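In: I'd like to go over a predicted model; first the sequence, then the structure.
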Amino acid sequence: MTEHYLKEILRISEPNLRKTFSIGRYSEFINSLSYIYDIDYNPDIVREFSNKYIEFVKEDYQGQYQGIDEKLCAFLDSDADRIKIVWGDCLDVMKGMKSEYIHCMVTSPPYYNAREYSNWKNLNEYLRDMRNIIAEAYRVLDNHRVFVFNVGDIFDNDNLTTKSVWGSRRLPLGAYFINIFEEVGFTFVDDFIWDKGEVQTERHKHGNKPFPFYQYPANCYEHILVFHKHRLDDTRYPCPICGTLKVNGNTQSEIGLRSWECKNAKCFERSKSNRGKRFSLKTLTTQARQQENHIIPEEFIKKWRRDIVRFTPVIKINSKGENILGHTAPFPENIPEFAIRMFSYAGEKILDPFSGSFTTLITAYKLDRIGIGIEINKKMFREASINNIETNLGFDFELNKKPSIAEYDYEKH
């Protein structure tokens with residue numbers, strides 16, 4: 001009888017397994033693999049071994065962070081609901097979350113002094129607060145994953161030189177945020193320009209002065225910034241072909257992205273020059289999921305083929321001048337749909353740290369993801385936001401019920 005292939009993987013990988021795990025964790029890991037002996041097909045054995053190994057490595061890394069809130073994590077880990085709302089300050093809430101827990105992030109931040117509920121003494125204080133939040137988001141986002149960040153430039157006073165009206169100017173928030181993201185460890189990848197069409201503004205109205213130096217354009221676009229997280233991880237990962245940990249470090253394929261090369265001479269795949277499979281933790285995730293159920297619709301890819309994309313903002317004011325959404329800065333579905341389709345898989349966790357009207361959670365639910373939204377203004381927005389979710393999702397005929405919405409009030413400890 002042929003020896004089960006898992007034993008071959010363990011025999012070759014044992015030295016590295018013992019380097020990676022403590023004695024207790026090594027025994028726990030080996031015991032967790034018992035179900036694999038019921039699998040006969042070698043590629044399935046390799047996949048299951050790899051998934052379990054990555055799971056254990058992730059748990060050990062998460063265990064290094066001592067700030068998690070057990071009650072919050074129990075709420076987020078519950079399988080009962082795919083719409084999870086956390087009421088509280090997003091910085092405090094994320095500090096209570098596990099490291100590298102979220103698979104994709106997408107949000108639009110509160111703009112500097114643009115609303116009555118988002119006011120700062122000056123621009124520097126605003127950027128300092130945003131930097132602290134983005135740094136915590138870096139810890140919470142899973143490694144080799146993506147944060148999509150929508151922000152527009154504004155016309156306001158930075159309050160750094162004067163508070164007088166003559167201190168107002170165009171503030172390039174997009175440029176400031178790119179710098180902040182890169183400072184905390186993210187890599188800037190793309191900038192989609194959201195063409196909002198004709199927008200309401202007074203900035204360009206100088207019809208009575210058709211002379212040089214009096215003309216300014218209408219601000220009719222926003223940035224959709226795409227950032228990658230690549231935390232340099234020197235942990236060895238299994239070859240996706242033979243499943244063994246007999247691998248050596250290869251050159252980095254991106255900043256912070258460690259690559260590996262299989263050195264198992266008996267691996268099922270070798271190049272013509274007898275080189276082993278080259279891979280990374282990122283490719284272990286992406287290449288293993290190139291299946292029909294993960295295909296992005298062709299028309300959607302075409303829509304986002306160019307880095308200038310046009311769609312109208314959310315209409316929130318009706319003909320009577322009434323705010324029909326109950327929120328002053330609603331988020332269009334186009335942006336979270338782009339982030340979720342392009343950078344996540346079904347069943348994964350999507351976080352919007354500035355949830356507002358919870359459009360990201362609505363979109364995540366429609367795309368079979370778990371939507372997690374954090375919002376500080378419960379008293380101001382809860383009724384309108386819950387109504388927005390229920391109105392958009394209606395009745396789930398597949399589950400034969402209305403989508404359940406789980407809520408959690410976070411208190412800083």
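Out: Done, it's in.
In: how does the protein divide into domains?
Out: 1-64, 70-232+292-409 (automatic domain parsing).
In: ranking these by mean pLDDT, which is last?
Out: Lowest mean pLDDT of those: domain 70-232+292-409, a mean of 89.
In: Can you lay out the domains of the chain as a markdown table showing distance to residue 240?
Out: No exception for glycine: its C-beta is placed from N, CA and C like everyone else's. A markdown table is the format used below for the domains of the chain (distance: least, C-beta to C-beta, whole Å):
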| stretch | distance to residue 240 |
| --- | --- |
| domain 1-64 | 7 |
| domain 70-232+292-409 | 15 |
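In: Tell me how far the residue lying closest to residue 72 once chain neighbours are set aside lies from residue 76.
Out: Of all residues not flanking residue 72 in the chain, residue 96 sits nearest, at 4.5 Å (C-beta to C-beta, 6 or more residues apart in numbering). Between residue 96 and residue 76 the computed distance is 9 Å (C-beta to C-beta, to the nearest Å).
In: And for residue 262?
Out: For residue 262, the distance to residue 76 - C-beta to C-beta - is 36 Å.
In: between those two, who's got more neighbours?
Out: Neighbours were counted for residue 262 and for residue 76 using other C-beta atoms under 10 Å; residue 262 has more, 26 against 22.
In: neighbours around the residue lying closest to the more buried one once chain neighbours are set aside, how many?
Out: Excluding its sequence neighbours, the residue lying closest to residue 262 (C-beta to C-beta, 6+ apart) is residue 276, at 3.3 Å. Residue 276 has 22 neighbouring residues, counting by other C-beta under 10 Å.
In: three-state assignment of residue 276?
Out: coil (DSSP: H, G, I helix; E, B strand; the rest coil).
In: wait, isn't it in contact with residue 261?
Out: Yes - the pair residue 276 / residue 261 is scored as a contact, 5.1 Å apart, by C-beta atoms under 8 Å.
In: Now for these two: what residues contact both?
Out: When C-beta atoms under 8 Å, 6 or more residues apart in numbering defines a contact, the residues bordering residue 276 and residue 261 alike are residue 247.
In: Can you report how many residues lie near residue 133?
Out: Neighbourhood size, residue 133 [other C-beta under 10 Å]: 20.
In: Ignore what I typed, I meant residue 37.
Out: 12.
In: again, but for residue 18
Out: 11.
In: Show me the strands in the stretch 201-350 of the chain, by range?
Out: For the stretch 201-350 of the chain, strands defined by DSSP state E, counting those that start in this stretch occupy the ranges 221-229, 247-254, 257-262, 278-280, 308-310, 349-352.
In: now the ones you listed as CSV including distance to residue 297?
Out: What follows is the strands of the stretch 201-350 of the chain, written out as CSV (distance: least, C-beta to C-beta, whole Å):
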stretch, distance to residue 297
strand 221-229, 19
strand 247-254, 27
strand 257-262, 28
strand 278-280, 27
strand 308-310, 15
strand 349-352, 18
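In: Averaged pLDDT, stretch 269-278. What do you get?
Out: Stretch 269-278 shows a mean pLDDT of 88.
In: ok now it, how far from the chain's centre?
Out: In terms of C-alpha atoms, centre = their mean, to the nearest Å, the centre of stretch 269-278 is found 34 Å from the chain centre.
In: Not counting sequence-adjacent ones, nearest residue to residue 109?
Out: That would be residue 354: by C-beta to C-beta, 6+ apart, it lies 5.4 Å from residue 109.
In: For stretch 279-288, buried residues please.
Out: 279, 280, 281, 282, 283, 284, 285 (16 or more other C-beta atoms under 10 Å).
In: and which of these is nearest residue 65?
Out: Nearest to residue 65, judged by C-beta to C-beta, of these is residue 281 at 19.0 Å.
In: how close does the closest one get to residue 360?
Out: Here residue 281 is placed at a distance of 26 Å from residue 360 (C-beta to C-beta).
In: Residue 224 too?
Out: In this view, residue 224 and residue 360 are 13 Å apart by C-beta to C-beta.
In: More neighbours: these two, which one.
Out: Neighbour count, other C-beta under 10 Å: between residue 224 and residue 360, residue 360 has more, with 32 against 25.
In: is the nearest residue to that one once chain neighbours are set aside in a bridge, and if so with what?
Out: In space, and not counting its chain neighbours, residue 360 is closest to residue 352: 3.7 Å by C-beta to C-beta, 6+ apart. For residue 352, the beta-bridge partners are residue 373 (DSSP bridges).
In: in this protein, which spans are helices?
Out: Taking DSSP state H as the test, the helices found in the chain are 5-20, 23-32, 42-62, 70-77, 90-95, 123-140, 173-184, 281-286, 298-303, 334-343, 359-366, 378-393.
In: Next, count neighbours for the residue nearest to residue 42 when sequence neighbours are not counted.
Out: Counting by C-beta to C-beta, 6+ apart, residue 42 lies nearest to residue 5, which is 4.9 Å off, once chain neighbours are set aside. By other C-beta under 10 Å, the residues close to residue 5 number 21.
In: ok, residue 5 to residue 261 distance?
Out: Taking C-beta to C-beta, one finds residue 5 at 21 Å from residue 261.
In: Give me the neighbour count for the residue lying closest to residue 404 once chain neighbours are set aside.
Out: Computed as C-beta to C-beta, 6+ apart, the closest residue to residue 404 that is not its neighbour in sequence is residue 81, at 4.9 Å. As a burial measure, residue 81 scores 16 neighbours (other C-beta under 10 Å).
In: same check, this time on residue 105
Out: For residue 105, the neighbour count with other C-beta under 10 Å is 28.
In: Then residue 234?
Out: 6.
In: does the residue nearest to residue 42 really touch residue 45, like I thought?
Out: Yes - applying C-beta under 8 Å, one finds residue 5 in contact with residue 45, separated by 5.1 Å.
In: can you list residues touching both of these two?
Out: Residues touching both residue 5 and residue 45 (C-beta under 8 Å, 6+ apart) are residue 243.
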